[in-house]
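Colleague: Compute the structure for the input listed below.
(chains A and B)
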Amino acid sequence: MTRARLGTTALFSLLYVVAALIGRQSVVPGSTLALVWPAAGVVAVWFATLGWSRTLLVDVVVLFAVATGVNTATGANLWLGLSLGWAAVVQALVFGVLLSRSSPHLWGRLDESSGLRRLVDVGHVLTATVVSTVASALVGPAVVLSVVEGNALIAVSWVVRNSVSVLALLPFGVFLVIRFLTIRTADQHAATNARSTPRVHAMAGDAELVAVFAASGVVCWLVLIVNHDLPLPFLLIGTSVWVGTRLTTATASVHSLLIGSAVVVLTLDDYGPFAEIVAPVSRSLVVQAFVGLTVITAMALAIGREESGRLNQRLARAEDRSSRQATMLTTILDSLADGVSVLRPDGTVVLRNPAATRLTSGVAAATNRTATVAQYGMFHPDGRPLAPQESPFAQAVAGTEITAMELFIRNAGVPEGQLIEVSVKLLADGDEDLVVGVFHDVTSDRRERDELASFAGVVAHDLLNPLTTVEGWSEALAEEIREPGVRDPEVELEHLTRIQRAARRMRDLINDLLAYTTARDLQISPVRVDLGAVVQDVARSRTEMVSGREVAPVITIGELPDVLAEPVLLRQVIDNLIGNSVKYVAPGVTPEITVQARESDGLVEIVISDNGIGIPDGQHTTVFDTFHRAHTDGYRGTGLGLSIVKRVVERHGGTITASHNPDHPGTVMRLTFPAVSGH
Amino acid sequence: MAVVMVVEDDMDVREWIARCVEQDGHTVVQAVDAPAALDLWAGGQSADVVLLDYALPGVDGVTLLDRLRETTPALPAVFVTVQWAGQIIERIGATGAERVTKPFEPSHLRAAVRRALEPSQEPSA
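Modeller: Numbers count the residues shown, from 1 in each chain, chains lettered A, B, ... in the order given. The predicted structure follows:
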């Protein structure tokens, strides 16, 4: 046993002795029984505090010893003292067995969240108290005394006296123990924010507390001291009702204790109407009954009020929580990009979020009913109109769950049409069935998917063609080498040239694909770039690249202002355009290229003119499309160059156009980049 | 032996196809794209079988075949293409022509040409 545990046993033993001595002072003249027996209440609090534990046997032995000792010391003979000790032990254990089963939180588990908190606890305590006191009366000296003195009221008085003592002291004792434990816990965990159960505060303030106790004092004085004859003690119950309905359970327990003590003490001193009852046992019974009634009334009212208060608080919190959840759900639904609608099978709308209205292009919002297939403008993805019975709503009502059904919707709200993925399900919600639909706009997803498939197809085509050349002409070369007879180096060289050309094409395509990806994904951080220097550098490099039989281009560069651009991408654009001007010239023609620029409205317009073969009519816009090739025979290209240029220019916020060169055959490219001065 | 027209915009591939077919003793006529093929046809050139790519610049292979069949119905054809998916395969399939996938084994191409020529040669044999 710990020191604290021993201290508890010692403290309650001491309290028992004090309470027993007080009880012995209340023996009614002419009776062997004390009027009150607060020691019974002390035992109830003592054992309720400790609960069932292995060391409880020590407390049982101590209780037996102390009860025997104090009774023997105050006039009882040894046998009577021993039987009173035995009776006290029986009462404590029977009380424990009953209370630990009916209200376990009151037995050994006293803390801030337990105690007398429910009205049913009052009933459990009352039952345990009465049954345990009856048991102690049956096995103890009360029955013996009743038989010896021929007065059954002695045993009854024992039962009532001990019961009332328990009822009067237990609530107050439990309150004190919990407060003591709470203070210790708070000291031990001062740094942590300990769990706190919601408290129901008394409805009254301190002024009312003072008023009710003052009024109770006055009523006691009037009823018990001034008045002797009139049976007015019931007025005291009025003060208990006041306390019970307005103040806390703890205050009610204190008030009951004080009222009970006043009645007992004054009756013992021959004050008040109860002192007028001549028969000592009857007087004792009436006083006990009165005190018991006062305690039960006050406690039942206070505990019942606090319990209903807590229930109301819980209800209010639950209402608040569900209200906040409803608001949150509405906010989530409203902010969803996907459309959600809930309909009844008859087509009336229960719920529809803004996205649902937007995805059906406003048709849905016209009424509180779902629109028809024709009103929505619903089609299959391949363009066939949807039959009314094919609508996802109709199918769901018929019991078919629709998962990721693709629909094309085109109506006045979306004249260009949009592709929507719809999932619809019939849900049984209590009494009525509901149809829940979720709409997801997949227009851009499908477009990107198709574009990607097309892109992959073109890349495959443009890689597999040169691969066919490599494989085929390698085989032809092998055949030439294996062929018996004189080998022709010219033929073999021709085969090798084809293979090299194909390999270059594959390399060019892969490089352009990488450049295309860079143009699309590279993080652009525009800085001031010397456009003139970039063009000079590209021109020099293009001139130096000319091999033996080719003609060197003549590149004329005007005055070029600085621009705001990503340097790597700007160079890629200029190199691509000048490269095209050099490449796409008629055989034998010297490429003549002019690069000029002018600045206006915060933009620098760069104009690149050439004397090349030009772009065929009708292709000046499509020439910028991915994989578009204006010239396919005699001029190698991947069809990616100008689409890369366009993408880079547009990512810089500029534009690019192609047109005929008005001066002579050729092309004029006009592109804009942000000017330095405009920013 | 038969006259084979090869329509393919990639010169090296076209000439490789021609070389493969010539090894079986056929005469090959080459065209770089649909307009060139139609010009040859309009100029009186005929062929027993047409080998053509689908992805021709401007006018695709199926459209070209349809045009050629306007004057020569049931003209045998073999598409020499990369592996395409979806609607393109369906369009090629609808022409009744066989398809040889690039890159191809020369023996596969020659076998396809022989199969394409068989129905038209049987009646005259």
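Colleague: which bits of chain B sit near chain A?
Modeller: Counting by CB under 8 Å from any CB of the partner chain, chain B comes close to chain A at B:9-13, B:15-16, B:19-20, B:32-33, B:55, B:57, B:82-86, B:102-104, B:106. C-beta coordinates here come from the backbone N, C-alpha and C atoms, glycine included.
Colleague: what helix or strand is A:Gly437 on?
Modeller: strand A:432-441 (DSSP states H and E).
Colleague: Which elements pack onto the helix or strand that that strand is followed by?
Modeller: For strand A:432-441, the succeeding helix or strand toward the C-terminus, using DSSP H and E, is helix A:443-482. Packing contacts for helix A:443-482, counted by 3 or more CB pairs under 8 Å, 6 or more residues apart in numbering or on different chains; DSSP states H and E, involve strand A:414-429, helix A:489-521, helix B:11-22.
Colleague: and the residue lying closest to A:Pro591 once chain neighbours are set aside, how many residues sit next to it?
Modeller: Here the nearest residue to A:Pro591 in space, its sequence neighbours aside, is A:Pro553; by CB to CB, 6 or more residues apart in numbering or on different chains that works out to 3.8 Å. Using other CB atoms under 10 Å in any protein chain shown, A:Pro553 is surrounded by 22 other residues.
Colleague: Please look at A:Pro553 and A:Tyr584 and confirm they touch.
Modeller: No - under the criterion of CB atoms under 8 Å, A:Pro553 is not in contact with A:Tyr584, lying 11.7 Å apart.
Colleague: filter the residues of chain B next to chain A to the buried ones?
Modeller: With burial judged by 16 or more other CB atoms under 10 Å in any protein chain shown, the buried subset of the residues of chain B next to chain A is B:9-10, B:12-13, B:15-16, B:19-20, B:32-33, B:55, B:57, B:82, B:84, B:102-104, B:106.
Colleague: and A:Ser609, backbone torsions?
Modeller: phi -110, psi 150 (degrees, to the nearest 10).
Colleague: That one - how many residues pack around it?
Modeller: 22.
Colleague: what bridges to it?
Modeller: Beta-bridge partners of A:Ser609, counted by DSSP bridges, are A:Thr594, A:Val668.
Colleague: who touches the helix-or-strand element of chain A with minimal mean pLDDT?
Modeller: One helix or strand of chain A scores below all others by mean pLDDT, DSSP states H and E: helix A:141-149, with a mean of 81. The contact list for helix A:141-149 (CB atoms under 8 Å, 6 or more residues apart in numbering or on different chains) reads A:32-33, A:80, A:83-84, A:87, A:136-137, A:152-155, A:158-159.
Colleague: if we go to 10 Å?
Modeller: A:31-33, A:71, A:76, A:79-84, A:86-87, A:133-134, A:136-137, A:151-159, A:161-162, A:281 (CB atoms under 10 Å, 6 or more residues apart in numbering or on different chains).
Colleague: Could you find the closest non-adjacent residue to A:Thr133?
Modeller: A:Asn162 (4.2 Å).
Colleague: Quick one: the helices in chain B, in order.
Modeller: B:11-22, B:34-42, B:61-71, B:87-94, B:106-124 (DSSP state H).
Colleague: And the ones you listed: which comes nearest A:Phe439?
Modeller: helix B:87-94 (27.6 Å; CB to CB).
Colleague: Spatially central residue in chain B, please.
Modeller: B:Leu51 (1.4 Å; CA atoms, centre = their mean).
Colleague: Beta-bridge partners for that one, please?
Modeller: B:Val6, B:Val78.
Colleague: what is the mean pLDDT for the helix or strand that contains A:Leu209?
Modeller: Assigned by DSSP H and E, A:Leu209 belongs to helix A:206-220. Averaging pLDDT along helix A:206-220 gives 91.
Colleague: Name the next helix or strand following that helix along the chain.
Modeller: By DSSP H and E, the next helix or strand past helix A:206-220 is helix A:234-246.
Colleague: what comes up buried for that next one?
Modeller: Those would be A:236-237, A:239-240, A:242-244, A:246, for helix A:234-246 by 16+ other CB under 10 Å.
Colleague: Report the inter-axis angle for that helix versus helix A:206-220.
Modeller: 170 degrees (axes from the mean of the first three to the mean of the last three CA atoms, to 10 degrees).
Colleague: give the contact list for the closest residue to A:Leu496 other than its chain neighbours.
Modeller: In space, and not counting its chain neighbours, A:Leu496 is closest to A:Leu477: 6.7 Å by CB to CB, 6+ apart. Contacts for A:Leu477 (CB under 10 Å, 6+ apart) come out as A:491-496, A:498-499.
Colleague: try A:Ile608
Modeller: A:535, A:555, A:573-574, A:577-578, A:580-581, A:593-597, A:658, A:667-671.
Colleague: now B:Ala77
Modeller: B:5, B:7, B:47, B:49-52, B:61-62, B:64-65, B:68-69, B:92, B:95-99, B:116.
Colleague: Buried members of the residues you listed into ChimeraX, please.
Modeller: The ChimeraX selection below is limited to those of the contacts of B:Ala77 classed as buried (16+ other CB under 10 Å):
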select /B:5,7,47,49,50,51,52,61,62,64,65,68,92,95,97,98,99,116
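Colleague: Torsion angles phi and psi at the residue of the stretch 1-150 of chain A found nearest chain B?
Modeller: Here the residue of the stretch 1-150 of chain A nearest chain B is A:Ser113; by CB to the nearest CB that distance is 69.3 Å. When quoted as degrees, to the nearest 10, the phi and psi of A:Ser113 stand at phi -90, psi -10.
Colleague: So which of the helices and strands packed on helix A:443-482 is the most surrounded?
Modeller: helix B:11-22 (a mean of 21; mean count of other CB atoms under 10 Å in any protein chain shown).
Colleague: Check the offset of that one from the chain's centre.
Modeller: 12 Å (CA atoms, centre = their mean, to the nearest Å).
Colleague: I'd like to know which elements that helix is packed against.
Modeller: When contacts are defined as 3 or more CB pairs under 10 Å, 6 or more residues apart in numbering or on different chains; DSSP states H and E, helix B:11-22 packs onto helix A:443-482, helix A:489-521, strand B:3-7, strand B:27-31, strand B:49-52, strand B:77-81, helix B:106-124.
Colleague: Could you check the angle the third one makes with helix B:11-22?
Modeller: It stands for strand B:3-7. 160 degrees.
Colleague: Enumerate the residues of chain A near chain B.
Modeller: A:450, A:453, A:456-458, A:460-473, A:475-476, A:479, A:494-495, A:497-499, A:501-502, A:505, A:627-634, A:639 (CB under 10 Å from any CB of the partner chain).
Colleague: returning to what we had before: I'd like to know how far the residue nearest to A:Pro591 sits from A:Val585.
Modeller: Separation of A:Pro553 from A:Val585 (CB to CB, to the nearest Å): 8 Å.
Colleague: Overlap of the contact sets of these two?
Modeller: Joint contacts of A:Pro553 and A:Val585 (CB under 10 Å, 6+ apart) are A:591-593, A:610-611.
Colleague: Could you work out the most separated pair of those residues?
Modeller: Going by CB to CB, the pair spanning the shared contacts of A:Pro553 and A:Val585 furthest: A:Ile593 and A:Asn611, at 8.0 Å.
Colleague: Overlap in contacts, these two.
Modeller: A:553-554, A:581, A:585, A:666.
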